[in-house]
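In: Give me a 3D structure for the following:
(4 chains)
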2 protein chains.
Amino acid sequence: MQSRTPASRTGRPRSAAADAAILAATRQALVELGWSKLTLGDVAIRAGVAKTTLYRRWAGKNELVVDAVAELFDELCVPDRGSLAADIEGVVLQFAAILARPEARSGLMAVVAEATRDEALRERIRASIVDRQKRLVLAGRARAQARGELPAETDADRAARTVDLIFDMVAGAVVHRTLVSAEPADEEWVHGFTRVLLSGLASAGSPDRAPARPRSAAGGELPSARR
Amino acid sequence: MQSRTPASRTGRPRSAAADAAILAATRQALVELGWSKLTLGDVAIRAGVAKTTLYRRWAGKNELVVDAVAELFDELCVPDRGSLAADIEGVVLQFAAILARPEARSGLMAVVAEATRDEALRERIRASIVDRQKRLVLAGRARAQARGELPAETDADRAARTVDLIFDMVAGAVVHRTLVSAEPADEEWVHGFTRVLLSGLASAGSPDRAPARPRSAAGGELPSARR
DNA sequence: TGCTTTCGCTACGAGTCGTAGCGTAATGCC
DNA sequence: GGCATTACGCTACGACTCGTAGCGAAAGCA
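Out: Predicted coordinates for the structure are as follows:
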């Protein structure tokens, strides 16, 4: 989590229960106060620990909130729903459900904002939040390629760039919808999003059905503009 | 900008020069200090005005930064480049150039985070930043429909939802790429993004050319494959 | 029993916040 | 020109948060 236990064999061990209580109290404070009015002294009182204990474990507010928010993303997974479109919709709905929680909304964007001027914090976010999400994209893509819904990628470098692109498009769209447009990423929205992501803008006017078009592997076939 | 001049005919008018100086000083402070270490007292000194003047014009740090950041988006426009793909790439590159500036990076996300718990602030952001961006999507879409690259939308309600979706996908992807992944949205990335947005994921494995393929609809004109 | 590390508690200087009060400057109206 | 009205600069203030230091007690291990 925050700091390792490098080689400290002896001495009184840190209370694991205090860790859990502090992170839970941080999330509760995020809900009730938001980022800007959250103070470490308040979190300490809520968690039932001394303020100095907080400073002994975390460098500051930023690092604490990153860890508190990161736990929210533990539940993310890629359920095999049988098709790429269904897999995407499932994951996006999970992601949207997390972002619907107020502790995620106010905490996540704030630490990302702080990370623009803090390289170490950015790395911490990447390791404990972003990479975990990106792994979902990798898993879903591999599964789709095994099904033949996506062409297999030979060039490893290009494949990495493609995964990064997909990740930014999926996560970015959900975050923007939820936090900037401030409207729910409900099933209807996710359905439309998935259709555009898979088939492109030209199909945006097509009726409600026919989202994915599992297209035979290597053939760079074009998605048909239906309607 | 911040407050109207309801009916105040008489009295000493507010200095417009002070407004400009304050907003410029705010952006400068964002660059040098970032969001969390930016104080209104510091901004006042940089702008050469009294701290009380700041509080007379803005309710607080949030509102001030929104106005300061909003000015960065004034330059956005949709240059007619002849095809939907080229138009998208142009706008996205403009948007990316703004987000590359440190005052936008640290300021924008911070106020969005604060807005999750402040309805009035969210409305202020929407009015002075988001709506301006969304208008670009509307303009580009209308132009593409006039060219025949996109099918005309009859249902006004569905059209509005589609525009919202496109907007969240475009803005969200660029913001996520720039601020979360912390990598530049350069021409190569924008090119790949535009291809996926227009043609869908299935075309992601195709070679570097052939971005958009507007299919039929109403006599589809083909945009030139650039590069 | 000793050694080591953590914990709770108190206290502290430094810094920021947002506001009040006062005298002065700039404008419109008569 | 005189008057009312509003904006401005300046100072000072209480309230709050920050992050740290110091101390004695508690909880592990040899």
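In: Work out for me the element the residue lying closest to residue A:113 once chain neighbours are set aside sits within.
Out: Excluding its sequence neighbours, the residue lying closest to residue A:113 (C-beta to C-beta, 6 or more residues apart in numbering or on different chains) is residue B:109, at 3.6 Å. For the C-beta atoms, the positions are set from N, CA and C on the backbone; glycine is no exception. Using DSSP states H and E, residue B:109 falls within helix B:102-115.
In: ok, residue A:91 - contacts?
Out: A:76, A:78, A:136, A:140, A:170 (C-beta atoms under 8 Å, 6 or more residues apart in numbering or on different chains).
In: tell me which parts of chain A are close to DNA strand C?
Out: Chain A has residues A:8, A:10-15, A:18, A:48-53, A:56-57 near DNA strand C, with proximity defined as C-beta under 7 Å from any atom of the strand.
In: any idea which of those is least confident?
Out: When the residues of chain A next to DNA strand C are compared by pLDDT, residue A:8 scores lowest at 55.
In: still on that earlier bit, and the average pLDDT for the helix holding residue B:109 is what?
Out: Helix B:102-115 comes out at a mean pLDDT of 95.
In: contact partners of the helix or strand following that helix?
Out: The first helix or strand that comes after helix B:102-115 along the chain, using DSSP H and E, is helix B:119-125. With contacts defined as C-beta under 8 Å, 6+ apart, helix B:119-125 is touched by A:180, A:182, B:62-63, B:66, B:111-112, B:114-116.
In: ok so, going back, adding neighbour count, write the contacts of residue A:91 out as a markdown table.
Out: Output for the contacts of residue A:91, formatted as a markdown table (neighbours: other C-beta atoms under 10 Å in any protein chain shown):
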| residue | neighbour count |
| --- | --- |
| A:76 | 15 |
| A:78 | 18 |
| A:136 | 22 |
| A:140 | 21 |
| A:170 | 26 |
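In: Mark which of the residues of chain A next to DNA strand C are part of helices, please.
Out: Using DSSP state H, A:18, A:51-53, A:56-57 are the members of those that sit in helices.
In: From those, keep the buried residues only.
Out: The neighbour count (16 or more other C-beta atoms under 10 Å in any protein chain shown) marks A:18, A:57 as buried among these.
In: okay if I get the ones in helices among the residues of chain A next to DNA strand C as a markdown table plus distance to residue B:96?
Out: Shown next, in a markdown table, are those (distance: C-beta to C-beta, whole Å):
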| residue | distance to residue B:96 |
| --- | --- |
| A:18 | 44 |
| A:51 | 42 |
| A:52 | 44 |
| A:53 | 43 |
| A:56 | 41 |
| A:57 | 38 |
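In: Now do the contacts for the most centrally placed residue in chain A.
Out: Taking C-alpha atoms, centre = their mean, the centroid of chain A lies closest to residue A:133, which sits 4.9 Å from it. Residue A:133 is in contact with A:73, A:76, A:95, A:167, A:171, counting by C-beta under 8 Å, 6+ apart.
In: what's the farthest-apart pair in those residues?
Out: A:73 and A:167 (13.8 Å; C-beta to C-beta).
In: More neighbours: the two, which one.
Out: residue A:167 (23 against 18; other C-beta atoms under 10 Å in any protein chain shown).
In: May I see the buried residues of the one helix or strand that one maps to?
Out: Here residue A:167, judged by DSSP H and E, is contained in helix A:156-175. Buried residues in helix A:156-175, counted by 16+ other C-beta under 10 Å: A:159, A:161-175.
In: what does the helix holding residue B:109 contact?
Out: Against helix B:102-115 from outside (C-beta under 8 Å, 6+ apart): A:34-36, A:106, A:108-110, A:112-114, A:116-117, A:179-180, A:182, B:27-28, B:30-31, B:34-36, B:62, B:65-66, B:68-69, B:72, B:98-99, B:121-122, B:125, B:129, B:175, B:178-179.
In: on that earlier part again, tell me the one among the ones in helices among the residues of chain A next to DNA strand C nearest to residue A:149.
Out: residue A:57 (45.5 Å).
In: Surely that closest one touches residue A:19?
Out: Yes - with contacts counted by C-beta atoms under 8 Å, residue A:57 reaches residue A:19, the gap being 7.4 Å.
In: give me the number of residues near residue A:80?
Out: For residue A:80, the neighbour count with other C-beta under 10 Å is 12.
In: Which residue ranges make up the domains of chain A?
Out: A:16-57, A:69-203 (automatic domain parsing).
In: Residues of chain A that sit close to DNA strand D?
Out: A:9-13, A:39-42, A:51-52, A:55, A:60-61.
In: of the contacts of helix B:119-125, closest to DNA strand C?
Out: residue B:62 (8.9 Å; C-beta to the nearest atom of the strand).
In: Tell me which helix or strand that closest one sits in.
Out: Using DSSP H and E, residue B:62 falls in helix B:61-70.
In: Just the buried positions in the next helix or strand after that helix, please.
Out: Next in sequence after helix B:61-70, counting helices and strands by DSSP H and E, comes helix B:84-99. Across helix B:84-99, burial judged by 16+ other C-beta under 10 Å covers B:84-96, B:98-99.
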